[in-house]
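> how would this look folded up:
(chains A and B)
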Protein chains: 2
Amino acid sequence: MPSPLLPPPRLIAFDADDTLWPNQPHFDHVETQLAAILARCGDPARIASHLYAVQRHNMHLFGYGAKSLMLTMIETAVQLTDGAVTGVEIQQLLDLGKRLLDFPIEPLPGVVAVLSALKQRGARLMVLTKGDLFDQESKLARSGLGDFFDHVEIVSEKNEATYRRILARHAVAPADFVMIGNSLKSDILPVLALGAPAIHVPYHTTWIHEEVPAAQLVGLDFHRVESLVEVLAYLE
Amino acid sequence: MPSPLLPPPRLIAFDADDTLWPNQPHFDHVETQLAAILARCGDPARIASHLYAVQRHNMHLFGYGAKSLMLTMIETAVQLTDGAVTGVEIQQLLDLGKRLLDFPIEPLPGVVAVLSALKQRGARLMVLTKGDLFDQESKLARSGLGDFFDHVEIVSEKNEATYRRILARHAVAPADFVMIGNSLKSDILPVLALGAPAIHVPYHTTWIHEEVPAAQLVGLDFHRVESLVEVLAYLE
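Alright, predicted model coming up:
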């Protein structure tokens, strides 16, 4: 077990999707279904690549989340079929997307144990997630984890400015904050840039938009754990 | 001019849509366009009534906002055409909706004068709006009003629990808070229920979902002004 490397953190923030509960697998599943519905337009790789292109194109208007993906899938279907998509297929896409908005939220292994342990130690806990406000609130409620958290912050983007704003709002110095999450791009890099510690808990599948080239990680000082329970050793 | 009836408020919160800038007219325009696209399915009243039924049905999944309306319009089109809606029409609906996500935001008359005057008096100002996080942040940025506000709170619903949470987070007593907005349902009734003052600034068009039967207003004590500049008299 590693020796504790951080001072006792005053505010411990957790990413939500794919850190507290599985999310990306549900999105991946929907993309597989989209490829099946649009099989006449090309193989799954072509559909996925077009979907991501439409997603990037609309990102400045739609932001992140399930509703954004639903609209993007519909626009992808119109484009790839040259307008020949049927109303029945559009309804299939709507129904697929709606399932993304109410699937059961099961905490990942170790989550309840870690949150309980930290709470018992008197830590101040925060959920800090980006995405759709309404959807993220609903997921937290469905997870049953809400009572563990003193603060819930749902933001439209997790960059350095976002973290600076959150720390200021809660009157916390970077050294008294720690961020825990699965996304190098959103949970680790901008936090390190502020001089605050961050712990990376990789998840087995990552959305292409969150991927970070290995070269960007050279020389950076952060912890990486294989499973969430290991963070307790760093937070003593 | 009325004499000041409220103590000097420590935190003055403004609703955004149809209080700081016009919003509902853009949504109304999109509904008119939807009715034109679906003219073969019935008259505008029938289309509007079906749209609202689909909206209510999906509210627990989609919440408020432009992306929610886009998805609702698409589902309405599939249903009213019995699946015969074309890809071209779906793309028209997507394009209509996208315009709702980036129309120019022009402050309503008096807004800049009121915010400037309150700022000069040293008031603490907040935007407190419900809807889609990404979209509402974008509108505030497009409005150019961002610098007037000390706090921005975007919430998924404006009910009594929401206001209680906001007041607690900012350590403000109900008597030191005032809410200003155009929606009786969202900006006035839940605030009065907490014992905090509220000022109603009606807007000429209201979404049916925000309408309140007159009977619910009997015996309630709040101010109503015809135009925003009049609030200054109540906030001296």
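
> What parts of chain A come near chain B?
Proximity of chain A to chain B (C-beta under 8 Å from any C-beta of the partner chain) is limited to residues A:58, A:61-64, A:67-68, A:70-71, A:74-75, A:77-78, A:81-88, A:90-91, A:94, A:97-98, A:101-102, A:132-135, A:137, A:154-156. All C-beta spots, glycine's among them, are computed from the backbone N, C-alpha and C.

> Where helices are concerned, which of the residues you listed count?
Judged by DSSP state H, the subset of the residues of chain A next to chain B located in helices is A:58, A:61-62, A:67-68, A:70-71, A:74-75, A:77-78, A:87-88, A:90-91, A:94, A:97-98, A:133-135, A:137.

> Select only the buried ones of those residues in PyMOL?
Restricted to buried positions by 16 or more other C-beta atoms under 10 Å in any protein chain shown, the PyMOL selection for these reads:
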select buried, chain A and resi 58+61+62+67+68+70+71+74+75+77+78+87+90+91+94+97+98+133+134+135+137
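
> Hmm, A:Thr206 is touching A:Asn182, no?
Yes. Counting by C-beta atoms under 8 Å, A:Asn182 is a contact partner of A:Thr206 at 7.3 Å.

> Comparing those two, which residue is more hemmed in?
Higher neighbour count among A:Thr206 and A:Asn182: A:Asn182, with 25 against 16, using other C-beta atoms under 10 Å in any protein chain shown.

> what's the closest non-adjacent residue to the more buried one?
Leaving aside its sequence neighbours, A:Asn182 sits nearest to A:Tyr203 (C-beta to C-beta, 6 or more residues apart in numbering or on different chains; 4.1 Å).

> still on that earlier bit, which residues are common contacts for A:Thr206 and A:Asn182?
Shared contacts of A:Thr206 and A:Asn182 (C-beta atoms under 8 Å, 6 or more residues apart in numbering or on different chains): A:Asp18.

> which element is A:Arg164 on?
Using DSSP states H and E, A:Arg164 sits within helix A:160-169.

> Give me the mean pLDDT for stretch A:88-95.
For stretch A:88-95, mean pLDDT rounds to 98.

> Neighbours of the nearest residue to A:Cys41 once chain neighbours are set aside, how many?
Distance criterion C-beta to C-beta, 6+ apart; nearest residue to A:Cys41, sequence neighbours excluded, is A:Leu80 at 4.1 Å. Counted with other C-beta under 10 Å, the neighbours of A:Leu80 add up to 20.

> Quick check: closest non-adjacent residue to the residue sitting furthest away from the middle of chain A.
Centroid-distance maximum for chain A: A:Ala84 at 34.0 Å, with C-alpha atoms, centre = their mean. Once flanking residues are discounted, A:Ala84 sits nearest to B:Gly87: 5.9 Å by C-beta to C-beta, 6+ apart.

> picking that back up, distance of the residue nearest to A:Cys41 relative to A:Leu38?
As judged by C-beta to C-beta, to the nearest Å, A:Leu80 and A:Leu38 stand 6 Å apart.

> Please identify every residue contacting each of the two.
A:Ile47.

> Please name the residues that touch the residue nearest to A:Asn182.
A:Tyr203 neighbours (C-beta under 8 Å, 6+ apart): A:18-19, A:22, A:24, A:182.

> Need those in a markdown table (columns: secondary structure, pLDDT and distance to B:Pro190).
Shown next, in a markdown table, are the contacts of A:Tyr203 (DSSP: H, G, I helix; E, B strand; the rest coil; pLDDT from 0 to 100; distance: C-beta to C-beta, whole Å):
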| residue | secondary structure | pLDDT | distance to B:Pro190 |
| --- | --- | --- | --- |
| A:Asp18 | coil | 96 | 35 |
| A:Thr19 | coil | 97 | 33 |
| A:Pro22 | coil | 96 | 35 |
| A:Gln24 | helix | 93 | 37 |
| A:Asn182 | coil | 95 | 37 |
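
> List only those of the residues you listed flagged as buried.
A:18-19, A:22, A:24, A:182.

> What pLDDT does the model give the nearest residue to A:Asn58 once chain neighbours are set aside?
Leaving aside its sequence neighbours, A:Asn58 sits nearest to A:Thr72 (C-beta to C-beta, 6+ apart; 5.9 Å). What the model reports as pLDDT for A:Thr72 is 98.

> From what I see, A:Thr72 and A:Arg56 are in contact.
No. A:Thr72 lies out of contact with A:Arg56 (C-beta under 8 Å); the separation is 9.5 Å.

> Could you check which of those two has the larger neighbour count?
It is A:Thr72, of A:Thr72 and A:Arg56, that has more neighbours when counted by other C-beta under 10 Å, with 24 against 12.

> Pass me the low-pLDDT residue ranges in chain A, would you?
Low-confidence segments of chain A, defined by pLDDT under 70: A:1-9.

> Would you map out the domains in it?
Listed by automatic domain parsing, the domain ranges of chain A are A:11-21+A:106-234, A:24-99.

> can you confirm A:Ala13 is in a strand?
Yes. Per DSSP: H, G, I helix; E, B strand; the rest coil, A:Ala13 lies within a strand segment.

> list the contacts for it?
A:125-128, A:153, A:166, A:177-180.

> Please pick the buried ones from those.
Burial by neighbour count, judged by 16+ other C-beta under 10 Å, picks out A:125-128, A:153, A:166, A:177-180 from these.

> Need these in TSV (columns: secondary structure).
Supplementary listing: these in TSV, determined by three-state DSSP:
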residue	secondary structure
A:Leu125	strand
A:Met126	strand
A:Val127	strand
A:Leu128	strand
A:Glu153	strand
A:Ile166	helix
A:Phe177	strand
A:Val178	strand
A:Met179	strand
A:Ile180	strand
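
> Distance to A:Glu160 for those - can I get that in a markdown table?
As requested, the buried ones among the contacts of A:Ala13 are arranged in a markdown table below (distance: C-beta to C-beta, whole Å):
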| residue | distance to A:Glu160 |
| --- | --- |
| A:Leu125 | 22 |
| A:Met126 | 17 |
| A:Val127 | 20 |
| A:Leu128 | 14 |
| A:Glu153 | 15 |
| A:Ile166 | 11 |
| A:Phe177 | 13 |
| A:Val178 | 16 |
| A:Met179 | 12 |
| A:Ile180 | 18 |
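
> Tell me the one among those nearest to A:Ala215.
A:Met179 (21.9 Å; C-beta to C-beta).

> give me phi/psi at A:Lys130?
phi -110, psi 160 (degrees, to the nearest 10).

> burial of it, as a residue count?
Around A:Lys130 there are 24 residues (other C-beta under 10 Å).

> gap between A:Asp221 and A:Leu189?
Distance from A:Asp221 to A:Leu189, by C-beta to C-beta: 12 Å.
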